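**Q** Got a sequence here, can you build the structure:
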Amino acid sequence: MITTVKGSQVLNGGQGIAEVLKVEEVEKVFCVPGESYLPLMDAIYDYSDIQLISTRHENGAAFMAEGYAKSTGKVGVCMATRGVGSTNLAVGIHTAHQDSTPMVIFVGQLRGNVREREGFQEIKLNEFYSHITKWSVEINDVKRVPELVHRAFRVAKSGRPGPVLVGLPIDMLYATSEMKFQKSMLPAPPSPNKEILKEANQLLANAEKPLIIAGGGVTGTRAHKELLELSELTSIPVMTSFRRHDAFPNDHPNYGGHVGLSAHPKIIETIQEADVILAIGMKFSQVFTQEYTLLKEHTKLIHIDINDQAVGKVYETEIGIVSDAKQALKELILLNRHETSKKLRDRAAYCQRIRKIYEEISLPRKQYREDFVDQEGMIYDLQELLPESAMIVNCAGNYTGWIHKYYQFTKPNTYLGPTSGAMGYSLPAALAAKLAYPDRKVVSIAGDGGFMMTVQELATSVQYNIPVIIIVVNNNMYGTIRMHQEKSFPKREIGTNLTNPNFTDLAKSFGIETYQARNNREFHRALQNAIKSDESVFVEVSADPNVISVSKTIEALQQNV
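**A** Just a heads-up that it's a prediction; the model follows:
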């Protein structure tokens, strides 16, 4: 029973948290149920605006929360029980940490008087999660529920977004207290220092070969429109950082490509020729920088990032600006709106040259095979048949090389992929994206190894009627590891071959429409049918195991070619 006292309410801990979820406008909560936080689940029962999605593995719950947050820009919420459940969340939490995705994670916890005795499923949550969360806290006093849970949401959303973990001792969840709730609040995003921004803009204006590289700060703040306008005003070409393809329309004349794993040598050459690079909202990761070898000494770097610790962290920076990406882009647009210098007109040829290079190496061709599915041809069909608004979701694996190289993302918010390289991400994140955008087509693409890590979420798709297109590229191996294995230890395969179930029969057993594509013509027909369907459709793609990456075969690697 809830009692109102002078504008506040007397609630138990679970009810208090549920009320904060309502105030913070949470719409979806993902979990595997556990007895250690039952009062919170029971409290959510009374909130019709909050849908609880019960997944089949905590890994799936975390990936769904991360995918939902990345799709919507809102805070993703997931829950799990003590040690065994919370540790299963860890991969998704790490993914959110590396991708700067706002999440709040609630984890049940033992009551205080049984700690330090190796109690049932005991774990020290703060110590375990401290370095892969923005903040990890345990609520030991029920009176502090509104204060700490509201704060968890603020921390997750503000600055460089990320995951926050909240531990919930079971005795606190049952205890009651008078509670008064706050308003949902987010501090105003930091704007750039205008004088320093003018210096940066002048440096760009004087550059012969300037380049913009867009990272997660652009996609996270939904600054696609501003980035496009700035590029068009200044005639500066744009590239996108690892797995941020949709930060800029890939079919635009100013788009120069994506920089990720095994980036094409001509893309690398273009970046290394640049005399000034404007990097917006990115952290210069190991993958993006090609093992920290990307930028050369002659290149002057302007780095705009919301996190002051990121500026100058990897490369010497000519001008560093701590700012929200969208705010900085808006100010740069104002500085360039009336610029019509000859240098800007001359840059048109520079943009055209970069675009021509991109088109030569990245536009997919209709490559069809009869014995296997050619993956370039598969991407060609996806490009031709899917609507522009379709969302592509992938996890880890060498099959992603074909997506990264060939698929043209022309609309904002149409791509989800973990920069952490987490396997198993694709299916649960695709389900979350579909929940966020029920009117859009969502396509999950996974390798056979990654798919098997969260295959159980097919049941979640059926149970909650979340219709997605599921494509599994099957070559019966952990392909990425096999590639590295053949590079380092040729002809000594161990541990990377896989024995798989009959995927089509497995999907059928969940009541899902299935297709087996043994060649490109069969894939084309299957995709056509999948797009027409209003239910989940599963397509197994037979991939040539010898074609281990976009540019190499196993035979070539074994011969050191």
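
**Q** helices or strands next to the helix or strand containing residue 171 in the packing?
**A** Under the criterion of DSSP states H and E, residue 171 resides in helix 170-174. Where contact means 3 or more Cβ pairs under 8 Å, 6 or more residues apart in numbering; DSSP states H and E, helix 170-174 is packed against helix 13-23, helix 38-44, strand 103-109. Just so you know, the C-beta spots here come from the backbone N, C-alpha and C atoms, and that holds for glycine as well.

**Q** Can you show me the CA trace of the next helix-or-strand element following the second one as PDB?
**A** So the one you mean is helix 38-44. Using DSSP H and E, the helix or strand that follows helix 38-44 towards the C-terminus is strand 51-54. Once non-C-alpha atoms are left out, strand 51-54 reads as follows in PDB (Å, rounded to 0.1, in the frame of the first residue of the first chain):
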ATOM      1  CA  GLN A  51       7.300  -2.800 -20.600                       C
ATOM      2  CA  LEU A  52       9.500  -5.500 -19.000                       C
ATOM      3  CA  ILE A  53      11.100  -7.800 -21.500                       C
ATOM      4  CA  SER A  54      12.300 -11.100 -20.000                       C
END
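
**Q** Show me what strand 51-54 is packed against.
**A** Judged by 3+ Cβ pairs under 8 Å, 6+ apart, the packing partners of strand 51-54 are strand 28-31, helix 458-463.

**Q** what sits against the residue lying closest to residue 330 once chain neighbours are set aside?
**A** Distances taken as Cβ to Cβ, 6 or more residues apart in numbering put residue 226 closest to residue 330, at 5.8 Å, once the chain neighbours are dropped. Under the criterion of Cβ atoms under 8 Å, 6 or more residues apart in numbering, the neighbours of residue 226 are 326, 329, 330, 333.

**Q** For the second one, pull up the helix or strand it's in.
**A** Spelled out, it's residue 329. Going by DSSP H and E, residue 329 is part of helix 325-336.

**Q** what mean pLDDT does that helix have?
**A** Average pLDDT, helix 325-336: 95.

**Q** Over to the residue nearest to residue 330: give its phi and psi.
**A** Residue 226 adopts backbone torsions of phi -70, psi -40, taken as degrees, to the nearest 10.

**Q** about what we covered before: which other residues reach the helix holding residue 171?
**A** Outside helix 170-174, the residues within contact range by Cβ under 8 Å, 6+ apart are 12-14, 36-40, 108-112, 139-142, 145.

**Q** just to revisit the earlier point, report all helices and strands that the following helix or strand past the helix holding residue 329 contacts.
**A** As assigned by DSSP H and E, the chain's next helix or strand after helix 325-336 is helix 342-362. In terms of contacts (3+ Cβ pairs under 8 Å, 6+ apart), helix 342-362 is packed against strand 255-258, helix 265-273, helix 400-406.

**Q** Let's have those in TSV, adding mean pLDDT, mean neighbour count and distance to residue 169.
**A** Compiled in TSV, the helices and strands packed on helix 342-362 are given as follows (pLDDT from 0 to 100; neighbours: other Cβ atoms under 10 Å; distance: least, Cβ to Cβ, whole Å):
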stretch	mean pLDDT	mean neighbour count	distance to residue 169
strand 255-258	94	27	46
helix 265-273	93	15	51
helix 400-406	94	23	41
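
**Q** quick one: which of these is nearest residue 54?
**A** helix 400-406 (29.3 Å; Cβ to Cβ).

**Q** shaky segments in the chain?
**A** The chain contains residues with pLDDT under 70 at 1-7, 112, 114-122, 339-345, 561.

**Q** distance of residue 439 from residue 411?
**A** Residue 439 sits 14 Å away from residue 411, going by Cβ to Cβ, to the nearest Å.

**Q** no, scratch that, I was asking about residue 45
**A** 38 Å.

**Q** Neighbour count for the two, which is higher?
**A** Set side by side, residue 45 and residue 411 show more neighbours around residue 411, with 17 against 10, by other Cβ atoms under 10 Å.

**Q** For the host helix or strand of residue 85, enumerate the helices and strands it packs against.
**A** Take DSSP H and E as the rule and residue 85 turns out to sit in helix 83-88. Contact here means 3+ Cβ pairs under 8 Å, 6+ apart; on that basis helix 83-88 packs against helix 58-72, strand 103-109, helix 125-129.

**Q** and of these, who's closest to residue 518?
**A** Distance to residue 518, taken as Cβ to Cβ, is lowest for helix 58-72 among these, at 29.3 Å.

**Q** what's the following helix or strand after the closest one?
**A** For helix 58-72, the succeeding helix or strand toward the C-terminus, using DSSP H and E, is strand 76-80.

**Q** Report the angle between that following strand and helix 13-23.
**A** 160 degrees (axes from the mean of the first three to the mean of the last three Cα atoms, to 10 degrees).

**Q** Use 5 as the first number from now on
**A** Okay, using 5 as the starting number, the last item reads as strand 80-84.

**Q** partners of strand 80-84, with directions?
**A** strand 32-35 (parallel), strand 107-113 (parallel) (DSSP bridges).

**Q** Residues contacting the longest one, please?
**A** Right, strand 107-113. Residues from elsewhere that reach strand 107-113, judged by Cβ under 8 Å, 6+ apart: 21, 38-41, 44, 66, 69-70, 73, 79-86, 89-90, 93, 97, 100, 129, 137, 142, 153, 156-157, 160, 166-174, 177.

**Q** Quick one: work out the angle between that strand and helix 62-76.
**A** Using the same axes, to 10 degrees, the inter-axis angle of strand 107-113 relative to helix 62-76 is 150 degrees.

**Q** Centre of the chain to strand 107-113, how far?
**A** Distance, stretch centre to chain centre, for strand 107-113: 20 Å (Cα atoms, centre = their mean, to the nearest Å).

**Q** what are the ranges of the strands in the stretch 455-565 of the chain?
**A** 473-478, 517-521, 541-546 (DSSP state E, counting those that start in this stretch).

**Q** Need the contact partners of the last one.
**A** I take that to be strand 541-546. Residues outside strand 541-546 that contact it (Cβ under 8 Å, 6+ apart): 376-377, 382, 462, 471, 473-478, 507-508, 511, 516-523, 527, 530-531, 533-534.
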